[in-house]
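Trainee: Structure for this input, please:
(chains A, B and C)
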Amino acid sequence: MLELRGASYRYAGYAKDVLHDVTFTLADGEIVGLVGANESGKSTICLVASGLAPASIGGALTGTLTVDGEPMAGRATHELASRVVVGFQNPTTQLSGVAATVFEEVALGPMNLGLPVAETLARTREALATLRIEHLAERAPMKLSGGQGQLVAIASLLAMRPRHIVLDEPTAQLDPEGTRLVGEALRVLAATGTALLVAEHKTDLLDGLCDRVLVVDGGRIVAEGPAATVLADERLLDWGVEPPARVRLDRALRARGFEPSAALS
Amino acid sequence: MAGVLRRLARISFLLTLPVGISVVLVSVFTRAGTTVLLTVGPFDATAEGVNFAGQILVRLIAISLAIGLFGLTTDPRSFVFDLERRGLSPRFAFVAAATLEAVPAMVVRAGVIQSAQRARGLDTEGSIAARLRGVMPLVGPVILSSLTEVEERTLALEVRAFGRPGERHLLWFSPDSSGQRAIRWAMVLAFLALVATRATGTFPALP
Amino acid sequence: MIEIRGLVHVFPEGTRALDGVDLTIGDGERIAIIGQNGSGKSTLVRHFNGLLRPTEGRVLLDGGDTANTKVARLAARIGLAFQDPDRQIFAGRVRREVEFGPRNLGLRGQALERAVDEALAAVGLADQANANPYDLGYSRRKLLALASILAMRTPVVVLDEPTTGQDARGVRRVQAIVESLHEAGRTVIAVSHDMRFVAETFARVIVMRTGTVVLDGSPAEVFAESNWEALASTYVEPPLPARVGARLGLGAIPTESGLVEAIAARR
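Mentor: Purely as a prediction, here's the structure:
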């Protein structure tokens, strides 16, 4: 379980806080969606939730990050890495660039943890199997398509056996097929008990995927609750978030006096 | 190794050429000597100068051949990870490997940036002057996006426990044979012998 | 008018990205090109302004073969906005960035200023003219990149994934821009994965798969049920209203407003 309490954060060298009093919890096996306009603080929340802010990028954080009951303040990045990992939107920058095959790429994390060879091999195989990309094992990572690259990046995170995964717009650069693959992979992960926080613009994707959704606006959490409820909130567009197609259609029909459940079933 | 000779010749030539030309010109014309071959303005080309230039040129070629051979025959990854196996810190090993891989990535990125600017009317097919002017709108985005990418990549690596102190158990190994080991030792001995003969003067002075 | 005849493009490493494309694009059309990654969409549009040259076949612009015209000159007639703004932005000030394109085309003085002002206004960055592009967030940098192309006032504007990474406001802004370009009589061509954006904003949809055009028609025609299998083969899912409409027996109506009207009419 990951808990962020009263987090306010300011990037190094900046005068103003970008996050204000952010509080939320990620329970094991939960998929929580994070939506908001660009520059609302989505990415910052991802960095803070993973501990990289301030552990890696500096800056000033007030409030607490607690992972599985232990406070993360002052921990080194590699200590954080075994508990919570974060993925970004660009598949290429997440690949190390020094692995000749996907297998080596995914094995990099466990190797860095200093694990014995047998353990590294086991975790790598497991990660590839969980995401169903064993068939990519011998491929060159830098030559994969965007969707495949992103899956390899997620597998590389998985090989660390993290209990918590934060993903910042994992499907931003992917086509619909790549998006679908990533969505499926996330479902599989949650089913194994991993807690997931996924920041995305694609509310249609989050609609079928998330248990809960958080809305961030101006660095604050302005809405939080079950996915269906939050994604149907009338204020979504005011917060710069496009509601899912299902919700829009529903609303358009109601405006015309129709009972949408009957029309859409 | 064999398939590499032609590329090697090209690379050595390219490496040597710029320096070589200026060195030769300077040596030939300004080296103090008595046997004048020809005169260009206030400068005399002397036989001694030519001799000296010849010596320098051969050394330059030897150096560039060595560098070229190394670059062309060494797989950057196995080289770097082998170093790590012999005690180089993993962080340094990674940086070295990544640096060697960085150039092709940058070339691709530069290509995309150039396309984008050409689509805005940047003329890259014109005169030399036009092409030089055309470099400016390319430099900024190439550097900036490279830096941003480095930033993101660094974070991604930290997430994978890259900064963790202590050794790691590598999956990689470079195949080594007794034949290769023998050649390596032979080369070291030959080098030592050469240095020794040079120092003690038992060899006639070779250029 | 752009005419593509028998266009084949094979990349140096052997990939046959375009395998015989025949297409005619009339002035003032609004066209979306869709299809899976690798289907040839981006390769195709880069032939319009000469960034890529045909391996076989011809690209004709207003009747003239583009083969012997430099990219810099074609840029005066075909503007192409790239997907990643950071692969293009180089100036320290928004205004200077937008000036680059029109300046290359020979605009100076008042004409240049007007072109820049209009472009900035169209994307909503008029008040940021002196800002550093990197002080703007990703959404607005993408709009800035678009403004740089708009300022060139080309009769044809090509947009490569204009809504990727954009938030709700950004997407709506892009839609508004496409509409105003259309009203001004300019031709707009967009490569996109966003089916809602495609169905609502464009009058013609071209579907590509493995280097060829497999479907070409209005959104209603392309997203009709009879084509769903072809669409699936290039990983395109019809927009939600089309799927709902089909399920209700009203036919695959691709826009929300269209579907609502059809449901109302049936009552």
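
Trainee: Residue C:70 reaches residue B:118, doesn't it?
Mentor: No - between residue C:70 and residue B:118 there is no contact under C-beta atoms under 8 Å: 9.1 Å. For the C-beta atoms, the positions are set from N, CA and C on the backbone; glycine is no exception.

Trainee: List the residues that contact residue 211.
Mentor: As the question left the chain open, I've gone with chain A. A:30, A:31, A:32, A:226, A:227 (C-beta atoms under 8 Å, 6 or more residues apart in numbering or on different chains).

Trainee: Switch to chain C, please.
Mentor: So residue C:211 contacts C:9, C:16, C:17, C:18, C:19, C:20, C:21, C:39, C:40, C:43 (C-beta under 8 Å, 6+ apart).

Trainee: Outline the domain layout of chain B.
Mentor: B:2-73, B:77-159, B:178-207 (automatic domain parsing).

Trainee: what's the closest of the ones you listed to chain C?
Mentor: domain B:77-159 (3.0 Å; C-beta to the nearest C-beta).

Trainee: Residue numbers of chain C in contact with chain B?
Mentor: C:46, C:49, C:51, C:70-72, C:75-76, C:79-80, C:82, C:84, C:86-91, C:100-101, C:104-105, C:134, C:148-149, C:152 (C-beta under 8 Å from any C-beta of the partner chain).

Trainee: export the contacts of residue C:211 to JSON lines and tack on pLDDT and secondary structure?
Mentor: As requested, the contacts of residue C:211 are arranged in JSON lines below (pLDDT from 0 to 100; DSSP: H, G, I helix; E, B strand; the rest coil):
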{"residue": "C:9", "pLDDT": "96", "secondary structure": "strand"}
{"residue": "C:16", "pLDDT": "93", "secondary structure": "strand"}
{"residue": "C:17", "pLDDT": "93", "secondary structure": "strand"}
{"residue": "C:18", "pLDDT": "96", "secondary structure": "strand"}
{"residue": "C:19", "pLDDT": "95", "secondary structure": "strand"}
{"residue": "C:20", "pLDDT": "94", "secondary structure": "strand"}
{"residue": "C:21", "pLDDT": "96", "secondary structure": "strand"}
{"residue": "C:39", "pLDDT": "90", "secondary structure": "coil"}
{"residue": "C:40", "pLDDT": "91", "secondary structure": "coil"}
{"residue": "C:43", "pLDDT": "93", "secondary structure": "helix"}
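
Trainee: any idea how far residue C:187 is from residue B:28?
Mentor: To residue B:28, residue C:187 is 64 Å away according to C-beta to C-beta, to the nearest Å.

Trainee: do the same with residue B:65
Mentor: The value you get for residue B:65 to residue B:28, if C-beta to C-beta is used, is 23 Å.

Trainee: Just to check, residue C:252 is in contact with residue C:240?
Mentor: No - counting by C-beta under 8 Å, residue C:252 stays clear of residue C:240, with 10.6 Å between them.

Trainee: ok, the two, which is more surrounded?
Mentor: Taking other C-beta atoms under 10 Å in any protein chain shown, residue C:252 and residue C:240 do not tie; residue C:252 has more neighbours (24 against 21).

Trainee: For chain C, which segments are assigned as strands?
Mentor: For chain C, the strands defined by DSSP state E cover C:2-10, C:16-25, C:30-34, C:56-61, C:64-65, C:78-81, C:156-160, C:187-191, C:204-209, C:212-217.

Trainee: of all those, which lies closest to residue B:136?
Mentor: Comparing those by their distance to residue B:136 (C-beta to C-beta), the top pick is strand C:78-81, with 20.4 Å.

Trainee: Up against chain C, what does chain B have?
Mentor: With C-beta under 8 Å from any C-beta as the criterion, chain B meets chain C at residues B:109, B:112-113, B:115-126, B:136-141, B:144-145, B:148.

Trainee: My error: substitute the stretch 51-200 of chain A in the last question.
Mentor: A:89, A:145, A:146, A:147, A:169, A:172, A:173, A:175, A:176, A:177, A:178.

Trainee: how far off strand C:156-160 does the strand or helix carrying residue B:98 point, in degrees?
Mentor: Assigned by DSSP states H and E, residue B:98 belongs to helix B:90-118. Here helix B:90-118 runs at an angle of 160 degrees relative to strand C:156-160 (axes from the mean of the first three to the mean of the last three C-alpha atoms, to 10 degrees).

Trainee: residues making contact with the helix or strand that comes right after helix B:90-118?
Mentor: Downstream of helix B:90-118, the first helix or strand assigned by DSSP H and E is helix B:128-133. Identification of contacts with helix B:128-133 by C-beta under 8 Å, 6+ apart yields B:123, B:124.

Trainee: Stretch C:155-163 now?
Mentor: Identification of contacts with stretch C:155-163 by C-beta under 8 Å, 6+ apart yields C:2, C:27, C:42, C:45, C:48-49, C:77-83, C:142, C:146, C:149-150, C:170-171, C:174, C:178, C:181, C:186-194, C:197.

Trainee: beta partners of residue C:81?
Mentor: For residue C:81, the beta-bridge partners under DSSP bridges are residue C:159.

Trainee: Show me the strands in the stretch 1-150 of chain A, by range?
Mentor: Using DSSP state E, counting those that start in this stretch, the strands found in the stretch 1-150 of chain A span residues A:2-10, A:19-26, A:31-35, A:60-67, A:70-71, A:84-87.

Trainee: Switch the ones you listed over to TSV; also include mean neighbour count.
Mentor: Output for the strands of the stretch 1-150 of chain A, formatted as TSV (neighbours: other C-beta atoms under 10 Å in any protein chain shown):
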stretch	mean neighbour count
strand A:2-10	19
strand A:19-26	19
strand A:31-35	26
strand A:60-67	18
strand A:70-71	11
strand A:84-87	27
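
Trainee: how about those strands in a markdown table, adding distance to residue B:163 and mean pLDDT?
Mentor: Shown next, in a markdown table, are the strands of the stretch 1-150 of chain A (distance: least, C-beta to C-beta, whole Å; pLDDT from 0 to 100):
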| stretch | distance to residue B:163 | mean pLDDT |
| --- | --- | --- |
| strand A:2-10 | 21 | 96 |
| strand A:19-26 | 24 | 96 |
| strand A:31-35 | 27 | 97 |
| strand A:60-67 | 18 | 95 |
| strand A:70-71 | 20 | 94 |
| strand A:84-87 | 14 | 93 |
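
Trainee: wait, which of those strands is closest to residue C:228?
Mentor: strand A:31-35 (28.5 Å).

Trainee: Any part of the closest one near chain C?
Mentor: No - Strand A:31-35 stays clear of chain C (C-beta under 8 Å from any C-beta), getting no nearer than 9.1 Å.

Trainee: Redo the strands of chain C as TSV? Include mean neighbour count.
Mentor: Listed next are the strands of chain C as TSV, based on neighbours: other C-beta under 10 Å:
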stretch	mean neighbour count
strand C:2-10	18
strand C:16-25	17
strand C:30-34	23
strand C:56-61	17
strand C:64-65	12
strand C:78-81	26
strand C:156-160	24
strand C:187-191	24
strand C:204-209	23
strand C:212-217	18
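
Trainee: any idea which of these scores lowest on pLDDT?
Mentor: Lowest mean pLDDT within those: strand C:64-65, a mean of 92.

Trainee: So for residue C:70 and residue B:118, which residue has more residues nearby?
Mentor: More neighbours surround residue B:118 than the other of residue C:70 and residue B:118, with 25 against 15 (other C-beta under 10 Å).

Trainee: okay, which residue is most central for the chain?
Mentor: Since no chain was named, I'll use chain A. For chain A, residue A:167 is the residue whose C-alpha lies nearest the centre (C-alpha atoms, centre = their mean; 2.0 Å).

Trainee: Actually, chain B is the one I wanted.
Mentor: Closest to where the C-alpha atoms of chain B average out (C-alpha atoms, centre = their mean) is residue B:67, at 5.8 Å.
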